[in-house]
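S.K.: Fold the following for me, if possible:
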Amino acid sequence: MSNLQNYWPEPIVRVRSLSESGITEIPSRYVKPLEDRPAPVTEFDPDVNIPVIDLGVGGGGGGGWPGSVLGQVSEACREWGFFQVVNHGVDRSLMREMREKWREFFHLPEELKAEYANTPCTYEGYGSRLGVEKGAVLDWSDYYFLHYLPSCLRDPNKWPALPPLFREMIAEYSKQVVELCGRLMNILSINLGLPEAFLLDKFGGDDHLGACLRVNFYPKCPQPDLALGLSPHSDPGGLTILLPDENVPGLQVRRGDRWITVNPVPDAFIVNIGDQMQVLSNANYKSVEHRVIVNSGKERVSLAYFYNPRGDILIKPADELVTEDCPALYPPMTFNEYRLYIRTKGPRGKSQVDALKSPR
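M.R.: Below is the predicted model of the structure:
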């Protein structure tokens, strides 16, 4: 990134501080254009939800997944781009504790959190905006971003030291979530008719792939009908494993011309397909636009784990999925080149991956 992108274009304002200042109207910088504002939550059908899949009935490797699990994951990846998983192998008590410890972190005094303030060069640390476009309309959220893999990027000193023993907890949680990602990658490969390790190898293998955590904190918002916690976007990477706030729904998934509010299942992860997986699968799997609404009475905390290809590997449609009838839809591009877009522009729907797509 250029030197200009080592600094934010304007002074950083922490959204939690705004929320707790007693304001009754949000600053204009957070007011979304009329067409992007969320509809009242009462307009959404609580009985419509993304698929929920039980992974606990199989997963021994070597193609040992039951056909029912394979079929459910395949349909969810092709039709929804999102699904929830239960009995996923990650310690449930650790999931709950992680969510609450991160809540504690965001409630620490600002001077303590300021020690971890980030820059747009890497985004690692404590932040309150995405993108370096001056004058952009901002999202109503603070966040913390950190690297886990590859190990050469991991710097535990940039991980929060408070609350006590937090770094050790982050490391154990990261280990378990990455193992879950590996199991899901095996399933996705099998469902494409490819060898079980195919997609993992295309990401660079266990020793070189990328894994990073973004923790989102959405403070109470006095005018939730004017703002968004996170603007519409599709995730630029491979897979995303989201630990939601079970008590305060906020994630919305685009389904045709509707926004579906996801109802989190207790102790489940929400999984979604990223743009790199859409490219590798030659659009057999779809990344899907999503956003986050905010709440006037309750704050929210969610943990998004991004499982990505190695940054310098060219990602293109798998040769095995390209035929005369189904030509390659995307040109080769490294993940580093691709994610530069969101780092400079911020969330912009699915404009990047759609712009790459060639007509059949």
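
S.K.: And the strands in this protein, which stretches?
M.R.: Counting by DSSP state E, one finds strands in the chain at the ranges 52-54, 82-86, 125-127, 142-149, 210-218, 230-233, 239-243, 251-255, 258-261, 269-273, 290-292, 300-308, 314-315, 333-334.

S.K.: Could you dump these into a markdown table with mean neighbour count, distance to residue 199 and mean pLDDT added?
M.R.: Quick note: C-beta positions are derived from backbone N, CA and C, even for glycine. Output for the strands of the chain, formatted as a markdown table (neighbours: other Cβ atoms under 10 Å; distance: least, Cβ to Cβ, whole Å; pLDDT from 0 to 100):
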| stretch | mean neighbour count | distance to residue 199 | mean pLDDT |
| --- | --- | --- | --- |
| strand 52-54 | 18 | 18 | 96 |
| strand 82-86 | 22 | 17 | 97 |
| strand 125-127 | 22 | 30 | 97 |
| strand 142-149 | 22 | 16 | 97 |
| strand 210-218 | 24 | 14 | 98 |
| strand 230-233 | 21 | 22 | 94 |
| strand 239-243 | 24 | 9 | 98 |
| strand 251-255 | 21 | 23 | 94 |
| strand 258-261 | 17 | 27 | 92 |
| strand 269-273 | 25 | 11 | 98 |
| strand 290-292 | 23 | 22 | 96 |
| strand 300-308 | 24 | 10 | 98 |
| strand 314-315 | 18 | 11 | 94 |
| strand 333-334 | 14 | 17 | 93 |
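
S.K.: can you tell me which of those strands comes nearest to residue 24?
M.R.: Using Cβ to Cβ as the criterion, the shortest distance between residue 24 and the strands of the chain is 18.3 Å, found for strand 210-218.

S.K.: just checking, what packs against that closest one?
M.R.: Here strand 210-218 is seen to pack against helix 92-106, strand 142-149, helix 166-191, strand 300-308 when contacts are counted using 3 or more Cβ pairs under 8 Å, 6 or more residues apart in numbering; DSSP states H and E.

S.K.: so which of the ones you listed comes closest to residue 280?
M.R.: Put simply, out of the helices and strands packed on strand 210-218 the one that sits nearest residue 280 is helix 166-191, at 9.3 Å, with distance taken as Cβ to Cβ.

S.K.: tilt between that closest one and strand 239-243?
M.R.: Using axes from the mean of the first three to the mean of the last three Cα atoms, to 10 degrees, one finds that helix 166-191 and strand 239-243 are set 130 degrees apart in direction.
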